[in-house]
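*Asks:* Turn this into a structure:
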Amino acid sequence: SLYGCSNVCKIDKKTYLLEHKVYPDSLKDVKAVHGRAEEFAAAHRESYDIVTSRAVANLQMLCELCLPLVKEGGYFLSMKAVDSDQELKLAYTAIKTLGGQVEQVKDYTIPGTDVVHRLIFIRKVGPTPKKYPRAFAKIKKSPL
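*Replies:* Purely as a prediction, here's the structure:
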């Protein structure tokens with residue numbers, strides 16, 4: 001069981017932890033979701049002020065998975081390595097196609113360490129065309 005809750009599905013432990021242990025009282029409007037972004041986007045298009053990602057895929061793919069969820073005026077915040085300049089350059093077409101615009105790139109040091117990471121702020125300035133996101137196999141095979 002996770003913190004005494006035996007009814008928590010094994011794959012949902014991370015979202016349970018975020019909702020009930022990390023953000024239980026401090027962030028009332030936060031909802032952690034476990035699911036595939038391209039499937040989730042179908043029912044939640046352009047609904048969120050902020051969507052975040054860790055460095056789990058290249059930025060072109062992440063943009064197609066995340067920007068459709070962001071409402072106009074909101075942000076997609078992508079955590080990347082500090083050596084991501086070329087990756088960002090390759091993603092500009094995807095960002096523009098999906099209604100985004102890079103607003104800021106900020107490097108930061110993880111507190112208590114010498115580790116430096118990068119946060120890319122992509123503002124949603126226009127709607128994402130309805131055909132995005134595509135199926136993950138298509139995104140992976142042929143990134144924007």
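*Asks:* Just the buried positions in the longest strand along the chain, please.
*Replies:* Counting by DSSP state E, the longest strand found in the chain is strand 70-81. Neighbour-count burial for strand 70-81, counted by 16 or more other CB atoms under 10 Å, picks out Val70, Gly74, Tyr75, Phe76, Leu77, Ser78, Met79, Lys80. From N, CA and C alone the C-beta is placed, and that goes for glycine too.
*Asks:* contacting residues for Ile95?
*Replies:* Residues near Ile95 by CB atoms under 8 Å, 6 or more residues apart in numbering: Cys63, Leu67, Gln101, Val102, Ile122.
*Asks:* make it 6 Å
*Replies:* Cys63, Ile122 (CB atoms under 6 Å, 6 or more residues apart in numbering).
*Asks:* how close does it get to Lys138?
*Replies:* Ile95 sits 18 Å away from Lys138, going by CB to CB, to the nearest Å.
*Asks:* Where does the prediction get shaky in the chain?
*Replies:* For the chain, applying pLDDT under 70 flags the ranges 1-32, 55.
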